[in-house]
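K.L.:
here are the coordinates; sequence isn't available:
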């Protein structure tokens, strides 16, 4: 290998090529040797003599085995081997003014670090063009050099060197591609190439982003086509450039940036590594920074699902989520209709909002042909899906000229809609395939599904299918869906009943549950304040209206017809109750929905709703309106109250007031119970005094 490097060095310096020097080196199976050029008279070299290009020829004992390659020659390419020969010619930028160059270089991009993405993308395109030329059978030079991107960060000299071993450029191509602003060599190539889906460049301005950070730029380039020469393109971005022939130029392009003092941080290896990892980690070719490969993680979203291993998924998830847990779910989604996209999504084991650390940022990044366009893109997917981590790569998206922002909002909205529908469908599929696993997911992420139901009308119907809640028909902890509830409904049942309270025991002990227990009607239990808004937002499901049991219309059971005299007494009692509570109730009637409770408030605002309104704007919280009240005429309290109101009107008044307050407590509407303390104490005093008076005297 050392002899090989000497031979290559000899070739570069040789003024002529008239005889062949065989330099052989023994290599374990297979054996190889190089044919290199020997100068006819080494002592007769002059500065004016130009070297003739000579190809290195490989021979091997086994024609079916490729010659072994090492990284040593590639490391040598980063050394300054290029020298200018001949006189440099000065050119003005052909199509645009200095003002336009200033706009492109200094105003077009919002972040200075983008220059790395642009130059690496150009290098990737150059390597892709080389690979296609190689496959197409064109005669190329230095075919033994691996198609890679090498980058050197030198903070001492404040320079960055980016070298690709790609297709390279001739002198005319340097003039056309770098001397003309907004002319894309890649775009021209695409017009004439069938297999160009992996190319990135479109606008021809990305190269000039380097003038945001560099005072001077040198570009050494040599076309990969046989018989080519090397050239130096040089500019300070002031509106003109110099072009000169150069020797010692390797196939491809080397860009040397002399960084500005105020951009010196970019020449630091760590900063450059972070930028490369963020923007260019998934280009098709190896990127080496100061000899170390940066892009070790593969763009697995572009691979067939069957070819991606569990280890690759775990590694990729940790890379995009910056976490160390294992995802609980994943969706690998690829389609070419209605849009050509590849995507990969992960659901983390848990979310961080439950720890009170603030609202999570969106976790889905947008790529175009494996190059990052927007990281953790906001206002792309609906906000309730912010817990999803992943990537979307779409070749159909239109970008603005800086490739930082999306141009076609209509297409972006369609893309977001396609992905949103697919994610919701995926959750539904998981619920059917792995019910237990899905319940664990819902226990962790159910609040986001509920948020989506309240905030996104277009997704509401499908999101409602993903809801899970407890039921009066099953044991504590068992979750059911709305679809399962509907499947168990009787033919005569027209509504889906639910109750919202803090916990199961309060739901089960609610006086409103008495009728449903007696009739064996299933009721769904909800325990979060938002649940009342969620169910109200859903409205109907499968043609069945969702109804809180407090507002359910309960038909009276068939009962023995009461005598007219008794009906009149009950009416008089109800009128008395209305008079006693005239400032608190709007109506009162007797009911048989109750068995163990004297009275209930019906058709009232949910306490959960009022609490949420209180949080939104406490000052504008409306006053509690008058309530509709139903009384259980057969309950001992009410039965005795009917008698006491004739004999002790004062006590009867206190009791009916307390019955009302108790009903308000049961409904969750009494936010301040202190005003009734005096009344309770008075009732206790009367009760105990009566007991004492009736007790036998000693």
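P.N.:
Perfect, I can see it now. This is a predicted model, so every value here is computed, not measured.

K.L.:
give me the number of residues near residue 246?
P.N.:
Using other C-beta atoms under 10 Å, residue 246 has 22 other residues around it. Placement of C-beta: from N, CA and C, glycine included.

K.L.:
wait, a strand at it?
P.N.:
Yes: according to DSSP: H, G, I helix; E, B strand; the rest coil, residue 246 belongs to a strand.

K.L.:
dump the residue contacts of it.
P.N.:
82, 83, 84, 85, 220, 230, 231, 232 (C-beta atoms under 8 Å, 6 or more residues apart in numbering).

K.L.:
how about a markdown table for the residues you listed, with pLDDT and distance to residue 661 added?
P.N.:
Converted to a markdown table, those look like this (pLDDT from 0 to 100; distance: C-beta to C-beta, whole Å):
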| residue | pLDDT | distance to residue 661 |
| --- | --- | --- |
| 82 | 92 | 92 |
| 83 | 94 | 97 |
| 84 | 94 | 96 |
| 85 | 93 | 101 |
| 220 | 97 | 89 |
| 230 | 96 | 94 |
| 231 | 97 | 93 |
| 232 | 97 | 92 |
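
K.L.:
now intersect those residues with the helices, please.
P.N.:
Residues of the contacts of residue 246 located in helices (DSSP state H): none.

K.L.:
from those, list just the buried residues.
P.N.:
Buried members of the contacts of residue 246, scored by 16 or more other C-beta atoms under 10 Å, are 82, 84, 85, 220, 230, 231, 232.

K.L.:
quick one: which two of these are the most distant?
P.N.:
85 and 220 (12.4 Å; C-beta to C-beta).

K.L.:
about what we covered before: from the buried ones among the contacts of residue 246, pick the one nearest residue 308.
P.N.:
Among those, residue 220 lies closest to residue 308 (C-beta to C-beta), at 39.1 Å.

K.L.:
residue 319 contacts residue 297, correct?
P.N.:
Yes: under the criterion of C-beta atoms under 8 Å, residue 319 makes contact with residue 297 at 5.2 Å.

K.L.:
any shared contact partners between those two?
P.N.:
Residues touching both residue 319 and residue 297 (C-beta under 8 Å, 6+ apart) are residue 281.

K.L.:
that older thread, let's have the contacts of residue 246 in JSON lines, adding distance to residue 546.
P.N.:
Shown next, in JSON lines, are the contacts of residue 246 (distance: C-beta to C-beta, whole Å):
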{"residue": "82", "distance to residue 546": "75"}
{"residue": "83", "distance to residue 546": "81"}
{"residue": "84", "distance to residue 546": "80"}
{"residue": "85", "distance to residue 546": "83"}
{"residue": "220", "distance to residue 546": "71"}
{"residue": "230", "distance to residue 546": "75"}
{"residue": "231", "distance to residue 546": "74"}
{"residue": "232", "distance to residue 546": "74"}
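
K.L.:
just the closest of those residues to residue 628, please.
P.N.:
residue 220 (86.9 Å).

K.L.:
which secondary element of the protein has the worst mean pLDDT?
P.N.:
strand 19-25 (a mean of 33; mean pLDDT, DSSP states H and E).

K.L.:
avg pLDDT for stretch 341-360?
P.N.:
In this model, stretch 341-360 carries a mean pLDDT of 93.

K.L.:
quick revisit: wait, which of the contacts of residue 246 is closest to residue 434?
P.N.:
Once C-beta to C-beta is applied, the member of the contacts of residue 246 that ends up nearest residue 434 is residue 220, at 57.5 Å.

K.L.:
what ranges do the strands span in the stretch 101-250 of the chain?
P.N.:
Under the criterion DSSP state E, counting those that start in this stretch, strands of the stretch 101-250 of the chain are mapped to 149-154, 159-164, 214-222, 230-235, 240-247.

K.L.:
what's the residue closest to the geometric middle of the protein?
P.N.:
residue 364 (2.1 Å; C-alpha atoms, centre = their mean).

K.L.:
and the gap between it and residue 113?
P.N.:
21 Å (C-beta to C-beta, to the nearest Å).

K.L.:
so how far is the helix or strand where residue 254 lies from its chain's centroid?
P.N.:
Residue 254 is part of strand 252-259, with elements assigned from DSSP states H and E. Offset of strand 252-259 from its chain centre (C-alpha atoms, centre = their mean, to the nearest Å): 35 Å.

K.L.:
for the next helix or strand after that strand, packing partners?
P.N.:
Next helix or strand after strand 252-259 toward the C-terminus (DSSP H and E): helix 269-279. Here helix 269-279 touches helix 114-135, strand 149-154, strand 287-289, strand 371-374, going by 3 or more C-beta pairs under 8 Å, 6 or more residues apart in numbering; DSSP states H and E.

K.L.:
residues touching the second one, excluding its own?
P.N.:
The reference is to strand 149-154. Under the criterion C-beta under 8 Å, 6+ apart, residues 74, 77-78, 120, 123-124, 127, 159-164, 267-269, 272, 276, 283, 285-290 lie in contact with strand 149-154.

K.L.:
what's the spacing between that strand and its chain's center?
P.N.:
Using C-alpha atoms, centre = their mean, the offset of strand 149-154 from its chain centre is 31 Å.

K.L.:
output the helices and strands packed on helix 269-279 in CSV; the columns should cover mean neighbour count, mean pLDDT and distance to residue 517.
P.N.:
Shown next, in CSV, are those (neighbours: other C-beta atoms under 10 Å; pLDDT from 0 to 100; distance: least, C-beta to C-beta, whole Å):
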stretch, mean neighbour count, mean pLDDT, distance to residue 517
helix 114-135, 23, 92, 65
strand 149-154, 22, 96, 72
strand 287-289, 21, 96, 68
strand 371-374, 20, 84, 55
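
K.L.:
mind checking which of these is nearest residue 329?
P.N.:
Evaluated with C-beta to C-beta, the helices and strands packed on helix 269-279 place strand 371-374 nearest to residue 329, the distance being 23.9 Å.

K.L.:
which secondary structure elements does the closest one contact?
P.N.:
By 3+ C-beta pairs under 8 Å, 6+ apart, strand 371-374 packs against helix 114-135, helix 269-279, strand 363-368.

K.L.:
same list, those, but as JSON lines with distance to residue 414 please.
P.N.:
Below are these laid out as JSON lines (distance: least, C-beta to C-beta, whole Å):
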{"stretch": "helix 114-135", "distance to residue 414": "25"}
{"stretch": "helix 269-279", "distance to residue 414": "26"}
{"stretch": "strand 363-368", "distance to residue 414": "14"}
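
K.L.:
so which of these gets nearest residue 335?
P.N.:
Nearest to residue 335, of the helices and strands packed on strand 371-374 and by C-beta to C-beta, is strand 363-368 at 15.6 Å.

K.L.:
angle of the closest one against helix 114-135?
P.N.:
50 degrees (axes from the mean of the first three to the mean of the last three C-alpha atoms, to 10 degrees).

K.L.:
gap between strand 363-368 and the chain center?
P.N.:
7 Å.

K.L.:
for stretch 423-431, same thing?
P.N.:
17 Å.

K.L.:
ok, now stretch 663-679?
P.N.:
In terms of C-alpha atoms, centre = their mean, the centre of stretch 663-679 is found 47 Å from the chain centre.

K.L.:
the strands of the stretch 101-250 of the chain: which one's closest to residue 675?
P.N.:
So among these, strand 149-154 is nearest, using C-beta to C-beta, at 73.9 Å.

K.L.:
now do the closest one against helix 114-135, angle only.
P.N.:
Going by the same axes, to 10 degrees, strand 149-154 makes 150 degrees with helix 114-135.

K.L.:
picking that back up, look up how far residue 414 lies from the closest residue to the residue nearest to the centre of the chain other than its chain neighbours.
P.N.:
Among residues not flanking residue 364 along the chain, residue 390 sits closest, at 5.1 Å (C-beta to C-beta, 6 or more residues apart in numbering). Using C-beta to C-beta, we find residue 390 at a distance of 18 Å from residue 414.

K.L.:
got it, and residue 689?
P.N.:
From residue 689 to residue 414 the distance is 78 Å (C-beta to C-beta).

K.L.:
more crowded one of those two?
P.N.:
Neighbour count, other C-beta under 10 Å: between residue 689 and residue 414, residue 414 has more, with 14 against 10.
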